[in-house]
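**Student:** Would you be able to build a 3D model of this:
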Amino acid sequence: MNLSRRTFLRGSAATASAALFNIVPARVLGQNAPSNRIAMAMIGVGGMGRGNMGSFLDIEDVAVRIVCDVNTKKMEDAKRSVDERYKNADCLMIKDFRDVCARADIDAVMIATPDHWHAFIGTFAARHGKDIYGEKPFTHDLLEGRALVNAVRQHGRVWQTGSWQRSSGEMRRAVELVRNGRLGRISRVEVGLPSGGRGRPADAAAQVPPELDWNFWLGPAPFRPFQGVYDWDWRWVLEWGGGQMMDWIGHHADIAQWGLGRDATGPVSFEGYAPFEPDGIYDSPKTYRYTCRYADGVELTVADSSQVKSGTTWYGENGAWIWVDRGRYDASSPALRDSKIEAGELRLRSPGHQRDFVACVKNRDTTLTPAEVAHRSASIGHLGQIAMLTGRTIAWNPATEQILNDPAAAALLGRTPRSPWSLS
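**Tutor:** Residues are numbered from 1 along each chain as shown. The predicted structure follows:
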């Protein structure tokens, strides 16, 4: 299947849509656009997609013009919310993200689909000149991640990842203390993430709901018959998600990397263990632990919170520590915890995660969580998963992004997408 614009544009449907939404794009009018608003489309409007959509609706510089989902009921619900907010009926519903990205009247898209779609929609949007707010984890596998980074860079797009903790005050405070040297040299970091991850039992007799396009939902993932598992619980199926570990790696491990000042690189070795015990359709581990080492000897442990304290903890060589989790942070002493950030030291700011994205769309600056940063954070999870799946120590070159001396493990860095989907 040729995925070119000429092939997929639905002539009559596109014309009808244009009649309903006939405005000049903001990028054409620039400062003369009405309110200089960024015209956005929401791709994936369940779960996190609805939350993100609500945040963008609250920003005066944004106009949400299109909602897109392979589930028509979700689209209808999302359109209703948009229309109620704007007090009109102008929001369009478009099922196919390719039709959305081809439109000249859309400046940016929000992507909140299951993980296995992130790279494919993201690269397509970048090629069609859209700026992108994309949910974490960055991509479903590591090779997809590098392809998406390259597409964003090649086409000069702004990317913000939904690793919103970088916009949270307690996270910035903890990272400021670490980056400004309050712990001295860091010796190790611990990252505690949720455990568990199971949902409704699969049902071989389940019927595809009339509002859901199951084949489109699967997209580049291997085909499997519908068994009633899709909303939310897709996370615990490795063909679609990565379990609790990958669902959270773009949060606390991202903060760990930020505190270490290693956003553009990563560890050089990974080893760990997880019991992969399939439970019907669900095959992601409910408990896990792995250790990564950086070239300079700093050790990073990632585990479920039954084994490591939830959040991110940095330890200095002198035994002092700084810990942060959502809504709270602490340190090994009150003096360290309350340490003042002095003039000339690193200070981290954020107007809010979605607002940071909108500002960068306008000024073409780099967001708090750009593509390369998100890819490096997600790579920790991808490589930790490979180490646990194989039961072997993985030697990794973060500069060339290659697994060394283990072809079988290297084969797990990516997969061939189901036809007709392609990242090329």
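**Student:** Kindly provide the distance from the residue of the chain most remote from its centre to residue 185.
**Tutor:** Relative to the mean C-alpha coordinate of the chain, counting by C-alpha atoms, centre = their mean, the farthest residue is residue 335 (35.6 Å). Distance, residue 335 to residue 185, by C-beta to C-beta, to the nearest Å: 19 Å. (Each C-beta comes from the backbone N, C-alpha and C, glycine too.)
**Student:** Please apply the same query to residue 267.
**Tutor:** Taken as C-beta to C-beta, the span from residue 267 to residue 185 is 17 Å.
**Student:** okay, these two: which has more neighbours?
**Tutor:** More crowded of residue 267 and residue 185, by other C-beta atoms under 10 Å: residue 267, with 22 against 11.
**Student:** so how far is residue 315 from that one?
**Tutor:** Residue 267 is 16 Å from residue 315, by C-beta to C-beta.
**Student:** cool, residue 194 as well?
**Tutor:** With C-beta to C-beta as the criterion, residue 194 and residue 315 are 22 Å apart.
**Student:** ditto for residue 281
**Tutor:** Here the criterion is C-beta to C-beta. By it, residue 281 lies 39 Å from residue 315.
**Student:** can you give me the helices for the stretch 201-350 of the chain?
**Tutor:** Ranges of helices in the stretch 201-350 of the chain, per DSSP state H, counting those that start in this stretch, are 214-218, 243-248, 254-260, 334-337.
**Student:** who does the last one touch, helix- and strand-wise?
**Tutor:** Same thing as helix 334-337. Judged by 3 or more C-beta pairs under 8 Å, 6 or more residues apart in numbering; DSSP states H and E, helix 334-337 is in contact with strand 328-331.
**Student:** ok, and for the strand it packs on, which residues are buried?
**Tutor:** Buried residues in strand 328-331, counted by 16 or more other C-beta atoms under 10 Å: 329, 330, 331.
**Student:** again with stretch 75-94
**Tutor:** 75, 78, 79, 81, 82, 90, 91, 92, 93, 94.
**Student:** tell me how far the ends of that stretch are from each other?
**Tutor:** Stretch 75-94 has an end-to-end distance of 8 Å (criterion: C-alpha to C-alpha, to the nearest Å).
**Student:** Tell me which residues are up against that stretch.
**Tutor:** Applying C-beta atoms under 8 Å, 6 or more residues apart in numbering, the external contacts of stretch 75-94 come out as 17, 20-21, 41-42, 45, 49-50, 53-54, 57, 64-69, 72, 95, 100.
**Student:** Now list the buried members of those residues.
**Tutor:** Among the contacts of stretch 75-94, the ones that count as buried by 16+ other C-beta under 10 Å are 17, 41-42, 45, 49-50, 53, 57, 64-69, 95, 100.
**Student:** what's the closest of these to residue 391?
**Tutor:** residue 49 (36.3 Å; C-beta to C-beta).
**Student:** pretty sure that closest one contacts residue 110?
**Tutor:** Yes. Here residue 49 reaches residue 110: they are 7.0 Å apart, a contact under C-beta atoms under 8 Å.
**Student:** contacting residues around residue 253?
**Tutor:** With contact taken as C-beta under 8 Å, 6+ apart, residue 253 is in contact with 191, 193, 300, 302, 312, 377, 380, 381.
**Student:** Let's see the pLDDT reported for residue 107.
**Tutor:** Listed pLDDT for residue 107 reads 98.
**Student:** again with residue 36
**Tutor:** Value for residue 36, per-residue pLDDT: 80.
**Student:** Likewise for residue 10?
**Tutor:** Looking at residue 10, its pLDDT is 35.
**Student:** So the nearest residue to residue 56 once chain neighbours are set aside versus residue 135, what's the distance?
**Tutor:** In space, and not counting its chain neighbours, residue 56 is closest to residue 62: 4.8 Å by C-beta to C-beta, 6 or more residues apart in numbering. Distance, residue 62 to residue 135, using C-beta to C-beta: 17 Å.
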